[in-house]
Every structure is written in structure tokens, then in C-alpha cells.
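Undergrad: Sequence first, then the predicted structure:
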Amino acid sequence: MGMLGLRTRQLRTLLANYKGVNICIADCTRWKSDTPQVYGIAKAKCFQHTSLWKVSKYSPWSWTCSLCINQRSGFGERNARHFVTESGTVRVRFAPSPTGFLHLGGLRTALYNYIFAKKHRGRSILRLEDTDQSRLVAGAAEKIEDMLEWVGIPPDESPRRGGPCGPYQQSQRLQLYQEAAQELVDRGHAYLCFCTAQRLELLKKEALRNKETPRYDNRCRYLTKQQVEDKLAKGLSHVIRFKLVEGAEPFEDMVYGWNKHEVASVEGDPVIIKADGFPTYHLANVVDDHFMEISHVLRGTEWLVSTSKHLLLYKALGWKPPQFGHLPLLLNKDGSKLSKRQGDIFIEQFAKSGHLPEALLDIITNCGSGFAENRMGRKLEELIAEFDVSRIITHSSLLDLTKLPEFNRIHLAQQLEDDIKRQMVVQQLQSHVEEIYHGKLLDHDVLRKEYVENVLLLRKGHINFLKDLVSPSYSYLWVRPSVSRKELQKLSSELDKIGGLVLGLLQSQNIAMPTDVLNKELKNLQEQVKETKYSTMMKLLRLALSGQEQGPSVAEMMISLGPKEVCARIETVLKR
């Protein structure tokens, strides 16, 4: 292989593995020249360690020197210094706007923040960005926190729980933003802008007419002090804009690697305080992340291009910025964007329809990245243990919600395997049965814990949702069917003999038979009748026991109902 040259901004997160030995990143993404010379399969000059070193695998955007191999705690994990603040605590935040209810895209962002914090023994914060007062939805703020608690990822600090860095709603922190904006003005990094909405609209139309991207022309940046005082004396409405400057510094994103956006060359100076006194996102998130001591910001990739702008704000205020990581989009299976207008993506709707929170957490991580492997059935503690932010890829994740019932089936089965959780599921099913079949329950023995638990264990792995067991297909478990003798005789003229044989089998057994043994016994019984095939005999028994032509095996039905109830149903049919 010939000599290769790579630009500095392409040299990003480590992806090298030297003969299975764990490798670290240290500071080896800083290189001695803009185009370091790389020889053979993977050799380069490292800024920190000046010798040439070789690794066996590489990605063209991911280089390191092998001297750093022994400094790393685990493949895919950055050096620990990247994950702690000066106080030694990882602090992340999920900062939704209560202009709508929590949906799957927001849940994915909240979950990645939560498991990142717990992975590093840190704290997760819920902050409500409610500065856009005109778009607030009544009750959304409370519901967002309700749903985070329901899915099992409650914040450590929030509007409801409080905390040392509150309040946790931006509308209650306006004084902080005003003070920060005034400080920027005093330092010469921001200015008052008196341009009217009409003038800004004309600028936009002119740019579009010229096929240019609309941007503010920074006109008010050049007002003299006297001009500003005169306009203020007239009581003219104004906003505060931040001065963008050339020379944005590159930053290393935890997901996208080295990035740099010269925002000053493509954008006008952004508004940081609106005319109503409320801040825009750009100022508010910087101020809040600083005062809430946020160490890492994991947010959607739509904010990646704005990060250079935010870093300019940090620099102007003299504050140390957090580490940034931008999560790729979560899209529908067809590649379209998740939309709040889709009624089936809101977490509250999933909760009402019987989905398990564990299934939702599993599917939104399974379709994405951040783990060594994708597998179904991961529990929250496993998500925390296996999460690795450096394994998040930049490709958008496609969410196939048609697979959600399968995820739900797996997690429901896991709950039934846990003694404590199984008792909770038993209670839930008892409540469902009482609610659905209350007026039809002639025998309340079907609500006994032992009976309900037996039903659940027999159907484990066969049902996707708990509510399936109270659907018409499983009504036979809770109410006796109304089947006439005449209906059964249409299937076989040997009804009485078949019924007698089954009654004799059950009454002769002192202990419950497992399903496979009962199946064999039923086949033996069929050999004692002359004209009825085994399949017809099973059809007859299924109809007698459940009133249905399809469903679980007859043996499983009999075990679910128990010998006493099976005998009672057969005797009832024979007497009709």
C-alpha cells in the first residue's frame, strides 16, 4: 500500500484493535501536521508520542498510536477523563420543549442520556425548555415526566423532584438569561437590534428572489451608542443579537468526530433575547448547561451545525463548554421522519394500549447503535452495562414498529420468569378479567391467584400482550361456553363415548399431567373409538371446552382449566 495523507478533521475517534488488545485514545487525535504521513496498513506520527507506531486494523477516520494501547480501559470506551467534570461527576440533561407530548424520538434521546449517566455513576436532569410560550400544550410538562417515570428512567433532578440546580423550567430562570445577555452586551459580544418584522421579511424575500439563503444583514451591529440610546428613549421594541465572529474552533463530537462550522460566514447574527424578554434556545441552553454543571450534552443531530455557534457563546462568556455528542435521527421504516402528527408514536398511547416500557426501550436501542451487538430482550440494567457512546454510528436509525409486538412478547415472558414481577402480572390480569367479564363470571374461582398464574405460565411465549388473555379467543378461560349437544354430534356420533373416556381419564388421575403426557393419553383414548379420527376428536373436545374451533392445543386447554372444570364442562354438554 502506498503513502496515504489524511486531513486533520478526519482523524477522529479510535477504531483500532491491535490483536485483541484494548486500545485507548489519549490525545492521539491531535497530529503534528495537517496531512500526517501514514504508511503501510496503519502507521502515523502521533502528536503526543512522536515515534511511528503501527496498529493492525483501522478506519480511515480513526487513527491512534500503539503506545496508547495499555492506557485504555476497554475497546470502544474513551479514556475516563473524557467522562467526568472537574468535580468528578457526569451530569447530563434531557431538555424537551413541552409544546407536545413525549414520543419515541424524544424517548430515545432521554434514554441515551440516562444510560450514559448511569454507566458512569452520574446524574440525569430533566429540564423543560418552555420559553416559546405561544406553543405550549397544556399538561405536556407533567406528562413528559410521568412517561419518563413509567418507562423506568426517572430523572435525578427535575421540576417535580427538585434539585440543587433548580428551578428546572426555563420560564422560571429568566433573570439568569437577562444577566448573561447584558454581560455579552457589556463585553461587546452582543448588541440591541431594533429592526422591525417588516424589514426582516423584506430581507428574506430579497434573498429568496436572488436564490440566496435568507440571513440577517447585521445592520444594527453598527449603531453608535448614541443611536441606541435615542431608539431606547423612543421606546422602540428591540431584541438582543449575538455577534458571530470568524474563526470558529473545531470541536470533537463524541459521535461525529471533529467538526467545525464557520457560522459567521453563512448566518447573520442570531437573536438571543426576544422582544418579549424570553431567551432563544441558543442562549438559554448555554446558560442552563453552565449553571446546571452539565458535563455532557447528548442531543439530536439537528443541533450539530449550531454547536460552533454555542461554543462561541461559551467563549464570549468565559465558560468551559461541556462535551458534545449528537445522536443520529430516528426515522420510520420507510426513511421518513417521525412526526408528532403520527398518533402511534406517543409514549402515553403505547402505555394505554398495553405495551411494556421495557419493550419500548429495547426496540429504540435495537434499531440504533451504541452497543457491541444488537439483540432482542435487553433489560435496562443490560442497556446500561453494554452501552458504549463511541459505538454510536452516524447513520440514521430505522424504526420498524411492526416488530414491537415481538419485543413485547419477549419482555412479557421475562416478567413471568421473575417471581416478584410475575405476581404483579397476575394482579394485572385479575383486574383485566374483572373489568371485561365482571357480569359474566358465574364462578369466581377463575380469579384465584393459583389459577391465573397457571394460565400465564402455560401461555408464556405465546401471547404478545397481557390483554390478549381477555380477548374473545381466550374467553373460555374465564366463562363457560354455551355449546349444544347437537353441535357436537354433527362432528361425531360417538360423542357420549368420547366424553365418557375423557371423564374416566381425568377422574382416575390423582396428580396433574404435563402437556406431553396428556397428549399421549388422548391419542390412546382415540384408539378406543371406531369412527372418529384423532383430529376430529380434538376438534370436538376443543369446541366442548371453549366454544371455539381454533385455539391452543386441547391438552393445554385441559391443563389450564384443571380436571374439575374440564369434567364439569363435558358433563354439562352430555346432559344437554
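TA: Done, it's in.

Undergrad: Around Ala413, how many other residues sit close by?
TA: As a burial measure, the neighbour count of Ala413 was computed by other CB atoms under 10 Å and equals 16. Where C-beta positions appear, they are placed from N, C-alpha and C, glycine not excepted.

Undergrad: who's in contact with it?
TA: Under the criterion of CB atoms under 8 Å, 6 or more residues apart in numbering, the contact partners of Ala413 comprise 460-461.

Undergrad: shaky segments in the protein?
TA: 1-88, 340-343, 510 (pLDDT under 70).

Undergrad: give the contact list for the residue lying farthest from the centre of it.
TA: Counting by CA atoms, centre = their mean, the extreme residue of the chain relative to its mean C-alpha position is Lys530, 59.9 Å from that point. Counting by CB under 8 Å, 6+ apart, Lys530 touches Glu494.

Undergrad: Mind checking what secondary structure it has?
TA: Put simply, Lys530 is coil when judged by DSSP: H, G, I helix; E, B strand; the rest coil.

Undergrad: so what's Glu417 closest to, chain neighbours aside?
TA: Closest residue in space to Glu417, ignoring its immediate chain neighbours: Lys460 at 7.8 Å, by CB to CB, 6 or more residues apart in numbering.

Undergrad: before we move on, what about Ile393?
TA: Excluding the flanking residues, the one nearest Ile393 by CB to CB, 6+ apart is Ser369, at 4.5 Å.

Undergrad: And the contacts of stretch 168-187?
TA: In contact with stretch 168-187 (CB under 8 Å, 6+ apart) are residues 125-131, 133, 141, 157-159, 162, 167, 190-192, 240, 242, 272-273, 277-279, 283-284, 286-288, 291, 313, 316-317.

Undergrad: Any chance you could give me that stretch in PDB, C-alpha atoms only?
TA: Only the C-alpha atoms of stretch 168-187 are listed here, as PDB (Å, rounded to 0.1, in the frame of the first residue of the first chain):
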ATOM      1  CA  TYR A 168     -35.800  23.200  36.100                       C
ATOM      2  CA  GLN A 169     -38.200  25.200  33.900                       C
ATOM      3  CA  GLN A 170     -36.700  27.900  31.700                       C
ATOM      4  CA  SER A 171     -39.600  30.200  32.200                       C
ATOM      5  CA  GLN A 172     -38.600  30.400  35.900                       C
ATOM      6  CA  ARG A 173     -35.000  31.300  35.100                       C
ATOM      7  CA  LEU A 174     -35.400  34.500  33.000                       C
ATOM      8  CA  GLN A 175     -33.200  36.600  35.300                       C
ATOM      9  CA  LEU A 176     -30.200  34.400  34.500                       C
ATOM     10  CA  TYR A 177     -30.700  34.800  30.800                       C
ATOM     11  CA  GLN A 178     -31.100  38.600  31.100                       C
ATOM     12  CA  GLU A 179     -27.900  38.800  33.100                       C
ATOM     13  CA  ALA A 180     -25.900  36.700  30.700                       C
ATOM     14  CA  ALA A 181     -27.200  38.700  27.700                       C
ATOM     15  CA  GLN A 182     -26.400  42.000  29.400                       C
ATOM     16  CA  GLU A 183     -22.900  40.700  30.200                       C
ATOM     17  CA  LEU A 184     -22.400  39.900  26.500                       C
ATOM     18  CA  VAL A 185     -23.600  43.400  25.600                       C
ATOM     19  CA  ASP A 186     -21.300  45.000  28.100                       C
ATOM     20  CA  ARG A 187     -18.300  43.000  26.800                       C
END
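
Undergrad: List the buried residues of it.
TA: 168-171, 173, 176-178, 180-181, 184-185 (16 or more other CB atoms under 10 Å).

Undergrad: ditto for stretch 227-236
TA: Buried residues in stretch 227-236 (16+ other CB under 10 Å): 228, 231.

Undergrad: now stretch 249-265
TA: Within stretch 249-265, the residues that qualify as buried are 251-259, 261, 263-264, counting by 16+ other CB under 10 Å.

Undergrad: can you check stretch 477-492 too?
TA: Of the residues in stretch 477-492, 477-480, 483, 487-488, 491-492 count as buried by neighbour count, 16+ other CB under 10 Å.

Undergrad: before we move on, the earlier item: contact partners for the residue nearest to Ile393?
TA: Under the contact definition (CB under 8 Å, 6+ apart), the residues listed for Ser369 are 328, 391-393, 395, 397.

Undergrad: Same check on Val297?
TA: Contacts of Val297 (CB under 8 Å, 6+ apart): 92-93, 289, 322-325.

Undergrad: mind redoing it with 7 Å?
TA: Contacts for Val297 were tallied using CB atoms under 7 Å, 6 or more residues apart in numbering; they are 289, 322, 324-325.

Undergrad: Make TSV from those and add neighbour count and distance to Asp468 to it.
TA: Output for those, formatted as TSV (neighbours: other CB atoms under 10 Å; distance: CB to CB, whole Å):
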residue	neighbour count	distance to Asp468
Asp289	24	45
Pro322	22	46
Phe324	21	44
Gly325	23	40
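
Undergrad: Phi, psi for the residue nearest to Gly370 when sequence neighbours are not counted please.
TA: Spatially, and ignoring its direct neighbours in sequence, Gly370 is nearest to Ile392 (4.5 Å; CB to CB, 6+ apart). Backbone dihedrals for Ile392, given as degrees, to the nearest 10, come out at phi -70, psi 120.

Undergrad: Closest to the centroid, which residue in the chain?
TA: Centrality entry for the chain: nearest residue to the mean C-alpha point is Arg108, 2.7 Å, by CA atoms, centre = their mean.

Undergrad: Please determine how far that one is located from Leu338.
TA: Here the distance between Arg108 and Leu338 works out to 9 Å (CB to CB, to the nearest Å).

Undergrad: And stretch 463-470, what's buried?
TA: Of all the residues in stretch 463-470, those buried under the rule 16+ other CB under 10 Å are 463-466, 468-470.

Undergrad: wait, what's in contact with Val271?
TA: By CB under 7 Å, 6+ apart, Val271 lies in contact with 239, 241, 280.

Undergrad: for Cys567, that is, sorry about that
TA: Shown in contact with Cys567 (CB under 7 Å, 6+ apart): 503, 506-507.
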